[in-house]
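Engineer: Sharing a model prediction with you, sequence too.
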Amino acid sequence: MKFCTAIVFLLAYTAPTATAFAPSKRVVGASTSTSHTSLKIVVGDTTEEFEARVEATFERATPVDPTFEDIVKGYFGGAIANQDLVATTARILKAKGYHGDNTLLATSLCCDELARKLEDDFHVLYGNNFNLGGLAGFPFAGKTGFGAMAAHIPDDGYCLVVYGPHVGVASDGTVGKVERSGINLVDTCCGSAVAAAGYVESILSGSQAIHTGLQDFLDFQQQGVQQLILPHAKRLADAEHKMVELPYALYESQDLLLTEIVQDGSTKIKRGLTMLGGIQINTGPDTPDYFVPLKFQRVNYRGEVVDDLLNDLKAKTGNLE
Ligand SMILES: [Zn+2]
């Protein structure tokens, strides 16, 4: 995303949304704007314009249900509603020089359409994202994908990478399931992760032999997910609540991979990159999604962490213990 002018016409949505922000049509760039929507904001990089954009992003956000939020936080301490996460992240990064017109958004999140909600919320501030992710949120685009992404960072600009696994929490508080619009079945979420957990359980019990299957191009991402969480087999077997432990185990594997990918490609990241990693929590249509931030760090072109912002994010969202 690279804007030609300082003025950007941001066109938003008309349909009711299940997420904080789900644009039915959005055009970035004054030369291409064609409005068919009710909301039209002129935004730029002054503090006032940026704040207006942040506020407008969540004008129609799904309101928090305090009872349900307590259930979510009971399982996932430090969970932040998307609205609060995105607005606070953007404000912290703006103070570090990250603006809408000098920052490329990249994500590594699951293929599941529910994982797009978080991207949609960030899109409004940073434009479309470069996708590094695949099944369960693993950064399957790898070093080559990262290199391609880094080449798209605006000159003299920055990159924000949002990454992590996701997990559903159904309205009755069941973890690992979620209601989906138009589907009666309360479905598994994340399906890829739960299937992979079944595989590692069978390896641990000895009922199945390890098979990498990575040459099977009909399903190689899932084979990769299985192998990448295999080191967590005993941890998952011993967990009091496997569906809660599973996303944390996935996160650790994904964070290891992505950190190495970033280190390897750091010389290409221009002025710097920020990693926002954690667990995305998808909920039903009547409640907002949440995110548990586990890493929020700025990295320089040498791959060195220059700023740890996690406690700042927690403090500003009321989650610092
Ligand atoms: Zn998934």
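Structural biologist: On my side now, so go ahead.

Engineer: which non-adjacent residue is nearest Arg271?
Structural biologist: Tyr158 (5.3 Å; CB to CB, 6 or more residues apart in numbering). C-beta here means a position set from N, CA and C on the backbone, and glycine is covered the same way.

Engineer: State the distance from the one you found to Leu250.
Structural biologist: Noted for Tyr158: a distance of 27 Å to Leu250, by CB to CB, to the nearest Å.

Engineer: Please list the residues of the stretch 1-150 of the chain that sit near the ion.
Structural biologist: Applying CB under 5 Å from the ion, we find that the stretch 1-150 of the chain lies next to the ion at Cys110, Asp112.

Engineer: residue ranges for the strands of the stretch 101-250 of the chain, please.
Structural biologist: All strands of the stretch 101-250 of the chain, identified by DSSP state E, counting those that start in this stretch, fall at 103-108, 129-131, 158-163, 166-169, 177-180, 183-188.

Engineer: May I see the ones you listed organised as TSV, with mean pLDDT added?
Structural biologist: Listed next are the strands of the stretch 101-250 of the chain as TSV, based on pLDDT from 0 to 100:
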stretch	mean pLDDT
strand 103-108	97
strand 129-131	97
strand 158-163	98
strand 166-169	98
strand 177-180	94
strand 183-188	89
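
Engineer: Comparing those, which comes out most buried?
Structural biologist: Counting by mean count of other CB atoms under 10 Å, strand 166-169 has the highest mean neighbour count of the strands of the stretch 101-250 of the chain, with a mean of 27.

Engineer: now for that strand, which elements pack on it?
Structural biologist: Contacts defined by 3 or more CB pairs under 8 Å, 6 or more residues apart in numbering; DSSP states H and E place strand 166-169 against helix 66-75, strand 177-180, helix 242-265, strand 272-283.

Engineer: change it to 6 Å
Structural biologist: Where contact means 3 or more CB pairs under 6 Å, 6 or more residues apart in numbering; DSSP states H and E, strand 166-169 is packed against strand 272-283.

Engineer: now the angle from the strand it packs on to strand 103-108?
Structural biologist: Between strand 272-283 and strand 103-108, the angle comes out at 50 degrees (axes from the mean of the first three to the mean of the last three CA atoms, to 10 degrees).

Engineer: Could I get the strands of the stretch 101-250 of the chain in TSV, plus columns for distance to Glu49?
Structural biologist: Compiled in TSV, the strands of the stretch 101-250 of the chain are given as follows (distance: least, CB to CB, whole Å):
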stretch	distance to Glu49
strand 103-108	15
strand 129-131	22
strand 158-163	18
strand 166-169	32
strand 177-180	36
strand 183-188	40
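
Engineer: Any idea which of the ones you listed gets closest to Leu256?
Structural biologist: Closest to Leu256 of these, according to CB to CB: strand 158-163, at 11.6 Å.

Engineer: what lines up beside the closest one in the sheet?
Structural biologist: Strand pairing for strand 158-163, using DSSP bridges, gives strand 103-108 (parallel), strand 272-283 (parallel).

Engineer: The last one and the ion, any residue contact?
Structural biologist: No. Using CB under 5 Å from the ion, we find that strand 272-283 stays clear of the ion, coming within 8.8 Å at best.

Engineer: pLDDT score assigned to Leu93?
Structural biologist: In this model, Leu93 is scored at 95, pLDDT.

Engineer: Then Val54?
Structural biologist: On pLDDT, Val54 comes in at 78.

Engineer: centre of the chain versus the host helix or strand of it, how much separation?
Structural biologist: Assessed by DSSP states H and E, Val54 sits inside helix 47-57. How far helix 47-57 lies from its chain's middle: 21 Å, per CA atoms, centre = their mean, to the nearest Å.

Engineer: what's it packed up against?
Structural biologist: Helices and strands touching helix 47-57, by 3+ CB pairs under 6 Å, 6+ apart, are strand 40-43, helix 82-94.

Engineer: Gln208 touches Ser202, doesn't it?
Structural biologist: Yes. Taking contacts as CB atoms under 6 Å, Gln208 lies within contact range of Ser202: 3.9 Å.
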